[in-house]
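K.L.:
whatever this is, show me its structure:
(one chain, ligands or ions: 1)
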Amino acid sequence: MPAATSSSSHGNVVVIDLPTRSRPSRPDVASRGCPQFDVISTPTEDQANIRQDRADADIATGPKVCRAMRRERQDELTQKADAKATNQNKGHSMKLGVIGAGLIGGAVARLASAAGHEVVIANSRGPETLAALAQEIGARAVSAHEAATAEDMVVLSIPFLAVASLSPDLFAATPAGAVIVDTGNYYPQARDGVIAEIEDGMLDSEWVAGRIGRPVVKAFSMLKARSLATRGRKPGTPERIAIAISGDDAQARARVATLIDQTGFDPLDGGAMSESWRQQPGTIGYCHDYDALTLRAALAATNRSRIAWYREEADAFAIEQIKLLGSIEAVSAA
Ligand SMILES: NC(=O)c1ccc[n+]([C@@H]2O[C@H](COP(=O)([O-])OP(=O)(O)OC[C@H]3O[C@@H](n4cnc5c(N)ncnc54)[C@H](OP(=O)(O)O)[C@@H]3O)[C@@H](O)[C@H]2O)c1
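P.N.:
Below you'll find the predicted structure:
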């Protein structure tokens, strides 16, 4: 669970007391809600109550409850189909390439397709290994090189380790107007190996931009995959989760903001690429499912002089979780 926050109003100013951070003791780490590496297999009290209510209701009125749940699911599907049709009718449909069809890339592709965008997806093993996923989410499986030629936006969502070995010409044919989104996070000890430039002070997404030879917009990097896949809500929903965006081109940030809104989250403009350290692993808002107001305060409270410490803490937590859960894949999905 995220660390507790509290807020109070003074006239028009809302003051948010964010938790102060010290290196947590072991049990505290597990409940601290480090984004990507939180163990959330234990349901929250609310979730447990809802499940229990449903189970009780099932015993008492099984078929009725099942019908209600089916109706709920049907409404959800109808809403998605309407959103898709609306975007297509308004001519707002983007051509989007997603490189990396794992937890984050797969979720972005699914949500973007449901929002009416024309999506192609790619992984490292070739389109034939993605046929089932592509069909399920209404996308087309292609090679990474083809995904990189998407007209409007290319989302790069692969481990840092893999970015280092991408073909140098991967983005050579990417249209000049396409926005490239980087969802990546750097975990030197737990997964990626040490990258000297980053250890020397380069920001994670600056390094990615340097490797691929194109500017990027950093987004979708702070939210756990599970939250991205399941916690999107309609605009205006109270406490809708926010996703921060950083990049030097304001128009590119605005396009990513539109996509984020369409996928069920409040976009939060995090400013230029030089500010993107506020989104890096272990920072105050990282993996906390905060709404826009709280995430803004969390980004503001993040301390630049502590970048290495934030990273170290997130990395150590990841290593610990790998020991507990058995693999980095299990940790990423938790
Ligand atoms: N998991 C989270 O909660 C989370 C949250 C926010 C940000 N992130 C960050 O987002 C990035 C992706 O994370 P993830 O959890 O989605 O990873 P993931 O589930 O392991 O998926 C990685 C994907 O990248 C593909 N890939 C690897 N190398 C490639 C290459 N050279 N060319 C094309 N595709 C390649 C893999 O394809 P194959 O399977 O064919 O190799 C796979 O589809 C990471 O940097 C991660 O730190 C993760």
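K.L.:
which pLDDT value belongs to the nearest residue to Lys234 once chain neighbours are set aside?
P.N.:
Nearest residue to Lys234, sequence neighbours excluded (CB to CB, 6 or more residues apart in numbering): Gly264, at 7.4 Å. Where you see a C-beta, it was placed from the backbone N, CA and C, and this is true even at glycine. Looking at Gly264, its pLDDT is 97.
K.L.:
how close does Gly264 get to Ala131?
P.N.:
To Ala131, Gly264 is 26 Å away according to CB to CB, to the nearest Å.
K.L.:
settle it for me: which of those two has more neighbours?
P.N.:
With neighbours defined as other CB atoms under 10 Å, Gly264 and Ala131 compare such that Gly264 has more, 22 against 11.
K.L.:
what residues does this protein have near the ligand?
P.N.:
36, 99-105, 122-125, 144, 157-160, 162, 166, 183-185, 221, 224-225, 332 (CB under 6 Å from any ligand atom).
K.L.:
filter those to the buried ones?
P.N.:
With burial judged by 16 or more other CB atoms under 10 Å, the buried subset of the residues of the chain next to the ligand is 36, 99-105, 122-123, 144, 157-160, 166, 183-185, 221, 224-225, 332.
K.L.:
near Val119, how many other residues are there?
P.N.:
28.
K.L.:
show me where the stretch 151-300 of the chain has its strands.
P.N.:
153-156, 179-182, 217-218, 242-245, 266-269 (DSSP state E, counting those that start in this stretch).
K.L.:
in a markdown table: those strands, plus mean neighbour count.
P.N.:
Converted to a markdown table, these look like this (neighbours: other CB atoms under 10 Å):
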| stretch | mean neighbour count |
| --- | --- |
| strand 153-156 | 27 |
| strand 179-182 | 27 |
| strand 217-218 | 29 |
| strand 242-245 | 27 |
| strand 266-269 | 21 |
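K.L.:
how about TSV for those, with distance to Ala257 added?
P.N.:
Output for the strands of the stretch 151-300 of the chain, formatted as TSV (distance: least, CB to CB, whole Å):
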stretch	distance to Ala257
strand 153-156	12
strand 179-182	11
strand 217-218	10
strand 242-245	6
strand 266-269	3
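K.L.:
between those, which one is nearest to Leu170?
P.N.:
Minimum separation from Leu170 across the strands of the stretch 151-300 of the chain (CB to CB) falls at strand 153-156, 9.0 Å.
K.L.:
not counting its own residues, what contacts that closest one?
P.N.:
94-100, 105, 108-109, 147-148, 163, 171, 174, 178-184, 208, 212, 216, 220, 255-256, 259 (CB atoms under 8 Å, 6 or more residues apart in numbering).
K.L.:
the residue most central in space within the chain - nearest residue in space that isn't next to it in sequence?
P.N.:
Centroid-nearest residue in the chain, with CA atoms, centre = their mean: Phe220, separated by 3.2 Å. Spatial nearest neighbour of Phe220, excluding adjacent residues (CB to CB, 6+ apart): Thr183 at 4.2 Å.
K.L.:
that neighbour touches Met222, doesn't it?
P.N.:
No. Counting by CB atoms under 8 Å, Thr183 sits too far from Met222 to count as a contact (9.5 Å).
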